[in-house]
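Enquirer: Only the shape, not the letters, is given here:
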Ligand code: SIN
Ligand code: FE2
């Protein structure tokens with residue numbers, strides 16, 4: 001199923017939750033640490049920043065990106081940008097991360113953005129759809145690292161019934177098919193639930209095809 005040669009045993013099978021595929025514990029500890037060290041290099045080149053929402057408040061989540069495009073937000077709206085706010089190009093998506101995409105969504109196009117979200121103890125993300133991409137036939141793949149995050153999934157219309165689950169370090173989620181445009185968000189994280197990040201907090205990566 002994958003080209004990570006070092007994993008003892010098979011990858012977990014996914015559980016389907018409202019059309020999302022949740023792979024609990026997909027990444028080994030070594031794989032998580034490998035991705036983290038690649039992310040540190042990304043953040044050195046393209047530092048985390050706090051985007052301003054179109055409503056004029058800074059987001060509680062800090063972000064940066066890797067890939068051809070990075071996701072950003074400011075007073076004029078949400079969008080993909082070809083460069084970091086500093087003007088520097090986004091670093092390429094590390095192979096350690098691309099390998100996850102290729103293993104869980106083998107038929108998909110290559111991702112053009114890896115959005116890196118950092119949640120400190122107080123950060124959250126309101127319910128939203130991922131709809132700034134052009135091709136909704138392509139999935140979004142999410143990778144969670146560090147502290148647990150309470151992830152909420154709704155339907156394709158705002159205001160519907162929702163269901164929540166905890167995403168833990170090493171979990172992978174595929175948001176695709178009929179669920180590609182389902183609302184989702186993070187109510188809160190549970191500080192101190194993982195030792196992966198020395199200063200605590202949660203990292204979520206979302207891989208997207210943008211064009
Ligand atoms: C996102 O929807 O961009 C982030 C989801 C998450 O943090 O799990
Ligand atoms: Fe999202």
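Expert: Alright, I've got the coordinates. Since we're looking at a predicted model, the values are computed, not measured. Ligands and ions are numbered 1, 2, ... in the order given.
Enquirer: just checking, residue 97 touches residue 172?
Expert: No. Using C-beta atoms under 8 Å, residue 97 is not in contact with residue 172, being 10.8 Å away. C-beta here means a position set from N, CA and C on the backbone, and glycine is covered the same way.
Enquirer: residues shared between the contacts of those two?
Expert: residue 143 (C-beta atoms under 8 Å, 6 or more residues apart in numbering).
Enquirer: distance between the ends of stretch 143-158?
Expert: 24 Å (C-alpha to C-alpha, to the nearest Å).
Enquirer: Check stretch 63-73 too.
Expert: Span of stretch 63-73 from end to end, C-alpha to C-alpha: 10 Å.
Enquirer: before we move on, what about stretch 72-85?
Expert: End-to-end distance for stretch 72-85, by C-alpha to C-alpha: 9 Å.
Enquirer: Okay, and the closest residue to ligand 1 within the chain sits in which element?
Expert: Nearest residue of the chain to ligand 1 (C-beta to the nearest ligand atom) works out as residue 204 at 3.2 Å. In this assignment (DSSP states H and E), residue 204 forms part of strand 202-208.
Enquirer: Neighbouring strands - and their directions - for that strand?
Expert: The strands beside strand 202-208 in its sheet (DSSP bridges) come out as strand 113-119 (antiparallel), strand 140-146 (antiparallel).
Enquirer: Which pLDDT value goes with residue 2?
Expert: Model confidence at residue 2, given as pLDDT, is 45.
Enquirer: what about the closest residue to residue 129 other than its chain neighbours, which SS state?
Expert: Nearest in space to residue 129, with sequence neighbours left out and distances taken as C-beta to C-beta, 6 or more residues apart in numbering, is residue 181 at 5.2 Å. Following DSSP: H, G, I helix; E, B strand; the rest coil, we place residue 181 in the coil state.
Enquirer: Assess the claim that residue 181 and residue 131 are in contact.
Expert: Yes. Shown here, residue 181 and residue 131 form a contact pair, counting by C-beta under 8 Å, at 6.2 Å.
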